[in-house]
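Enquirer: What follows is a predicted protein model with its sequence.
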Amino acid sequence: MNKQSSKKRLQDAGQGYLFMSPTLFVLAVFIIGPILYAIFLSFHKVQLLGDMSFEFVAFENFARIMEDNRAIIALKNTAKYVLIVVPTQTFLALVLAATLNAGLKGEKLFRIVYFLPTLTSSAVLTLIFMWMYNKEGLINNLLEKVGLPTYNFLGDPDIALNAIMLMNIWATAPFFMVIYLAALQDIPDSLYEAAELDGANAIQKFFYVTVPFLRPVTSFVVIMGVIGTFQLFDQSYIFSGGSGGPNNSTLTVVLLIYQYAFKSLGTMGYAAALAFALAIIILVATLIQRKFSKEESLY
Amino acid sequence: MAKKKWIASLGITTMLVGSVLAGCSGSDEKTSSNGAGEKVEITLAGWGGNPSEQKLLTQTIADFEEKHPNIDVKHEVISEQYMDVLKTRLIGGEGPDVFYLDALEAPALIETGVVEPLDDYVTEDFDVNDFEKPMLEAFQVDGKTYGFPKDYSTLALFYNKKMFEEAGVEVPKTWDELREVSKALTKDGVYGFGVAPELARLYHIAQATGGEVVKDDQANFASDKVVNALQPIIDQHNEDKTSAQASEVGANWGGEMFGQGKAAMVIEGNWAIPFLADTFPDVEYGTAELPTINGEKGTMAYTVGYVMNAASEKKEASWELISYLTGKEGMETWTSKGFALPTRKSVAEKLGYDKDELRGALVAGAPYATVWAEGKNLPIIMNNFNNQFIAAFLGDRPLDEALKEAEEQANSEIQ
């Protein structure tokens, strides 16, 4: 009896793994394999073109990051970008969701309109914004009409990154808004009624009922935001034509990785090291974020 | 019962895994049929040009196929990020047999050994000496020739005749004159001179006073001589305010800026001539050789060559194609409409571009032009130069300081 059941369990397990095997195979080949290969590359000096060569250099690639001015600039730019974009887009998403949840007229229409930017591909979006930012573009035309000085948004190193930030906040906030909206509609009305009985006004209700209840969702939104913003690439690539200029102001870590991996020959190992370092940074940032929001979890 | 199920699930899984595996192990086998009489297909990769240019190339290839009935040419156009795509494909062993290679990228790619040396293929009647020497040298390393230049362009001064008439000035012969003339031409929304603040366009100016931008394959553009040579470009933009780059007036490049009438003069190459004819046919303009610096003539030359993949399995057929495309006959067809200038002296003579009203100035620049190619690290050096030069150009920091930083960065990347 006992033997029988343990054999059956083994069979069940075996069957389960067999069913999973196609997925496991795909995972191994397309996800785990490349990750391991990237780690392998990051410890080597690699020449892929022509006579392929791998030379083991231990931590030399990682040491080089510290001495690389452009890597430091890229990291600074990216950090600045994350620190500004993530809180702003989270807050904006929350506010947008709250207004949509307030029961206004034409709510459904607004929901669609707000969500539209998310549907546009980021490459198209960037091109449209570049046209707007252009010296002769929409924004400068409007500025001119109201008698304000025009500005070279694309060419000024001090402004270029901010211009990308603005665009990205505008484009990603609606996506998180939808997530917030779903969570908002989950909050039981009884909580608000109870608060009302205690004499809370609208603002108090928002900060003492809505915001605490949304904490797990906020945690999710922030983590996704951090991961997404750390990986900023396409916008700054299109913006600067792949150079990260003007004056390195739109250079991000991923753009730098791309440049080292594909633009110059023989730096694939260094690019892998940079990518690995970025993965660790994102991991640490996510862990810190989780630590902070853990004890505040509702459930 | 249970056993049967087990076998059934095993069967299904095996099929699934099998199909995945089959999907992965694609068709690697190449048909290496070089036998006589059999058709050989070779691939030719390049970037796209404008439609009329494409038509010329198609025509040239069709002529070739007619003369070589056993060779089929598959023309592939890589429209974006040409070098990235090409490198990746070469690494993956899926590179084209014959491809375009910009002189700028040539030394680094040749060093890796993926480009086939062509000396053994060249025959007497191919007539190597017919090529313009500087253009050919761009594809030579250690005395071996790795490619033949398909065409080239130099830079010339494009000037708007109407604006010059209105301002009552003459076409400048020297850079000092150009700066003076710009003052007279600049007015309300029009800049005297449209400038492209990048190394590819400024290289010859940077070296005009004896400085060296690249020394022993290292960046050297922060040397006093180079900085002094480039300072006037910065001064004209920031002090005189008589020059602007295209993005400052909402244009994408110099030719567009010139066509829109936002600059009275620009320095552009042959590519601007068909562009202006197509897009701004009403602009009346002339071309002149570039202004001299310290009495010395100078201009840039850009060239692209056809090279052969060293891993190609159809080298004989590939050479047939290269020799036709860069040969007297193929080159004549390719350059007949003036989208590109022929690198063969005999073809240039035959087509009479040296006497052409607009192209004459470009052809005249060929003998003294500096070819845009200098060792394998030029792409890195160019990137860092452009990145910082623009900061100085916009007046954010002094030129010497900006270039010093860019030079250090470039050399740290090169080591």
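Expert: Cool, got the structure. Just so it is clear, the structure is predicted and the values come from calculations on it, not from any experiment.
Enquirer: Not counting sequence-adjacent ones, nearest residue to residue 134?
Expert: In the absence of a named chain, this looks at chain A. On the basis of Cβ to Cβ, 6 or more residues apart in numbering or on different chains, the spatially nearest residue to residue A:134 that is not a chain neighbour turns out to be residue B:250, at 5.2 Å. The way it works is simple: take the backbone N, C-alpha and C, and place the C-beta from them, glycine included.
Enquirer: To clarify, I was referring to chain B.
Expert: Of all residues not flanking residue B:134 in the chain, residue B:371 sits nearest, at 4.8 Å (Cβ to Cβ, 6+ apart).
Enquirer: what about the one you found, neighbour count?
Expert: With neighbours defined by other Cβ atoms under 10 Å in any protein chain shown, the count for residue B:371 comes to 23.
Enquirer: My read is that it contacts residue B:303, right?
Expert: Yes - in this structure residue B:371 lies within contact range of residue B:303 using Cβ atoms under 8 Å: 6.4 Å.
Enquirer: Quick check: neighbours shared by these two?
Expert: Common contact partners of residue B:371 and residue B:303 (Cβ atoms under 8 Å, 6 or more residues apart in numbering or on different chains): B:103, B:135, B:138.
Enquirer: Narrow those to those in helices?
Expert: Among these, the members found in helices (DSSP state H) are residue B:135.
Enquirer: what's the closest of the shared contacts of residue B:371 and residue B:303 to residue B:171?
Expert: Out of these, the one with the shortest distance to residue B:171 is residue B:135. That distance is 27.2 Å, counting by Cβ to Cβ.
Enquirer: Please determine how far the closest one is located from residue B:124.
Expert: Taking Cβ to Cβ, to the nearest Å as the measure, residue B:135 falls 21 Å from residue B:124.
Enquirer: do residue B:241 as well
Expert: If you go by Cβ to Cβ, the gap between residue B:241 and residue B:124 works out to 58 Å.
Enquirer: neighbour-wise, which of the two wins?
Expert: In this view residue B:241 and residue B:124 are compared by other Cβ under 10 Å, and residue B:241 has more residues nearby, 13 against 6.
Enquirer: what are the bridge partners for the residue nearest to residue B:134, then?
Expert: Beta-bridge pairing for residue B:371 (DSSP bridges): residue B:301.
Enquirer: need the contact list for it.
Expert: Each residue near residue B:371 by Cβ under 8 Å, 6+ apart is listed here: B:103, B:134, B:135, B:137, B:138, B:300, B:301, B:302, B:303.
Enquirer: Neighbour-wise, which one of those residues leads?
Expert: Each of the contacts of residue B:371 was scored by neighbours using other Cβ under 10 Å; the highest score is residue B:303's, at 30 neighbours.
Enquirer: Quick check: the gap between that one and chain A.
Expert: Applying Cβ to the nearest Cβ, to the nearest Å, the value for residue B:303 to chain A is 21 Å.
Enquirer: Neighbours of the nearest residue to that residue once chain neighbours are set aside, how many?
Expert: Leaving aside its chain neighbours, residue B:303 sits nearest to residue B:152 (4.0 Å; criterion: Cβ to Cβ, 6+ apart). Each residue near residue B:152 was counted by other Cβ under 10 Å, and the total is 28.
Enquirer: Quick check: next helix or strand after the helix or strand hosting residue B:152?
Expert: Residue B:152 is part of strand B:147-160, with elements assigned from DSSP states H and E. Tracing the chain C-terminally past strand B:147-160 and defining elements by DSSP H and E, one meets helix B:161-167 next.
Enquirer: Next, the angle strand B:147-160 makes with whichever helix or strand comes after that next one.
Expert: Sequence order places helix B:175-185 as the next helix or strand after helix B:161-167, per DSSP H and E. Between the axes of helix B:175-185 and strand B:147-160, defined by axes from the mean of the first three to the mean of the last three Cα atoms, to 10 degrees, the angle is 40 degrees.
Enquirer: And for helix B:175-185, what's in contact with it?
Expert: Helix B:175-185 is contacted by residues B:157, B:163-164, B:167-170, B:172, B:191-193, B:205, B:232, B:236, B:240, B:242-243, B:264-265, B:291-293 when judged by Cβ under 8 Å, 6+ apart.
Enquirer: Residue 178 - how many residues pack around it?
Expert: As the question left the chain open, I've gone with chain A. 17.
Enquirer: not quite, I wanted chain B
Expert: Residue B:178 sits with 23 neighbouring residues when counted by other Cβ under 10 Å.
Enquirer: Likewise for residue B:94?
Expert: For residue B:94, the count of nearby residues is 12 (other Cβ under 10 Å).
Enquirer: That one belongs to a strand, doesn't it?
Expert: No - applying DSSP: H, G, I helix; E, B strand; the rest coil, one finds residue B:94 to be coil, outside a strand.
Enquirer: Just the pLDDT for it.
Expert: Residue B:94 carries a pLDDT value of 88.
Enquirer: residues contacting the closest residue to chain A within the stretch 1-150 of chain B?
Expert: Taking Cβ to the nearest Cβ as the measure, the point where the stretch 1-150 of chain B comes nearest chain A is residue B:112, at 3.3 Å. In this structure, residue B:112 makes contact with A:47, A:49, A:50, A:51, A:265, judged by Cβ under 8 Å, 6+ apart.
Enquirer: if we go to 6 Å?
Expert: By Cβ atoms under 6 Å, 6 or more residues apart in numbering or on different chains, residue B:112 lies in contact with A:49, A:50.
Enquirer: Could you list the residues in contact with stretch B:84-97?
Expert: Applying Cβ under 6 Å, 6+ apart, the set of residues contacting stretch B:84-97 from outside is A:48, A:49, A:262, B:42, B:43, B:45, B:78, B:114, B:309, B:312, B:314, B:318.
Enquirer: Could you give the separation between the terminal residues of stretch A:201-214?
Expert: Start to finish, the residues bounding stretch A:201-214 are 19 Å apart (Cα to Cα, to the nearest Å).
Enquirer: Brilliant, that's me finished.
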